[in-house]
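Chemist: let me see the structure of the following:
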Amino acid sequence: MGQSQSLAFPQAIHHTESWLGQWQEGTITSEVLAQKVALLLSTSHGRRGFFVVALAGPSPLLDHPPTPILEQLRRGGAGVVDLVVRNLAMGTAMALEHQQRGNGEQAMGSLQVQRRAQALLSHLDPVAVDQGLHQLLAATEGRGPYRDFLQRWNYDTAQCQAIAQAVRATQHNLANAT
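Modeler: Okay, here's the model as predicted:
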C-alpha cells in the first residue's frame, strides 16, 4: 500500500473495496484482512475510507465481524468510535431524507449504515461509546461537540429527532446487552 501517512481518501476506498472483495472470495483470511485494516485505521483518510465502504457497501464484513477485525477496530480507540457515532447519525438522517423523497433503495442503504453502526458500537470501548452517544444526543438539542457536525450537514429538526431516537434505541440495546 505504500506509506500510510500519504494515503488519500480515494486510495483508502479503493484498497478497502479490493481487500473486502479478496476476503469475500476467500483469497485472504480474516487475519490478513485485519492487518490491512490496521493500516487503514492508522490515518484519518484511511479510517474514513474504510468505514465508507464497510458500512455502506455490499460486503457483509460488519454484519458479523470476525474477531481479528473487531480487535483492530477496538485498537482504533476514540477515532473509530467517533466515526461510527457520526455514521450512526448520517445513516439515520439520510434514511429519513431518502424516505421523504420516495427513494426506497437509497433509504435502505442508509438504514444499513445505521444498523451496522449500531451493531458495531456494541463491540467497541463501552466508555468511549457511551460518551459519544451522549454527546451526539446533546447535539440533537443544539449542544456539545457534535453540534457543529450536525449543523454542517444541515440536518433539519425531523432528522435530529430521528438521530436522537436512534441514539436512545442504541443506548437501550447496549444497556440490555450487559
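Chemist: my read: residue 11 touches residue 53, true?
Modeler: No. If you go by C-beta atoms under 8 Å, residue 11 and residue 53 don't touch, sitting 12.0 Å apart. No exception for glycine: its C-beta is placed from N, CA and C like everyone else's.
Chemist: neighbour-wise, which of the two wins?
Modeler: For residue 11 versus residue 53, the count of surrounding residues by other C-beta atoms under 10 Å is larger for residue 53: 23 against 16.
Chemist: once you drop chain neighbours, what's closest to the more buried one?
Modeler: Nearest residue to residue 53, sequence neighbours excluded (C-beta to C-beta, 6 or more residues apart in numbering): residue 16, at 4.0 Å.
Chemist: how many neighbouring residues does the one you found have?
Modeler: Neighbours of residue 16 (other C-beta under 10 Å): 24.
Chemist: now do the contacts for it.
Modeler: Counting by C-beta atoms under 8 Å, 6 or more residues apart in numbering, residue 16 makes contact with 40, 49, 50, 52, 53, 54.
Chemist: what's the spacing between it and residue 152?
Modeler: Distance, residue 16 to residue 152, using C-beta to C-beta, to the nearest Å: 24 Å.
Chemist: ok, residue 30 next?
Modeler: In this view, residue 30 and residue 152 are 35 Å apart by C-beta to C-beta.
Chemist: got it, and residue 159?
Modeler: Residue 159 sits 13 Å away from residue 152, going by C-beta to C-beta.
Chemist: so which of those two has more stuff around it?
Modeler: residue 159 (22 against 8).
Chemist: helix, strand or coil for that one?
Modeler: Three-state call for residue 159 (DSSP: H, G, I helix; E, B strand; the rest coil): helix.
Chemist: distance check, the residue nearest to it when sequence neighbours are not counted against residue 78.
Modeler: Nearest residue to residue 159, sequence neighbours excluded (C-beta to C-beta, 6+ apart): residue 93, at 4.0 Å. Noted for residue 93: a distance of 22 Å to residue 78, by C-beta to C-beta.
Chemist: more neighbours: the two, which one.
Modeler: Each of residue 93 and residue 78 has its neighbours counted (other C-beta under 10 Å); residue 93 has more, 23 against 13.
Chemist: off-centre distance for the helix or strand where residue 128 lies?
Modeler: Assigned by DSSP states H and E, residue 128 falls within helix 126-139. Centroid separation for helix 126-139 versus its chain: 14 Å, with C-alpha atoms, centre = their mean, to the nearest Å.
Chemist: again, but for stretch 142-152
Modeler: 18 Å.
Chemist: mind listing what's buried along it?
Modeler: Along stretch 142-152, these residues count as buried under the neighbour rule (16 or more other C-beta atoms under 10 Å): 144, 146, 147, 149, 150.
Chemist: next: stretch 33-40.
Modeler: By neighbour count on 16+ other C-beta under 10 Å, the buried set for stretch 33-40 is 33, 34, 36, 37, 38, 39, 40.
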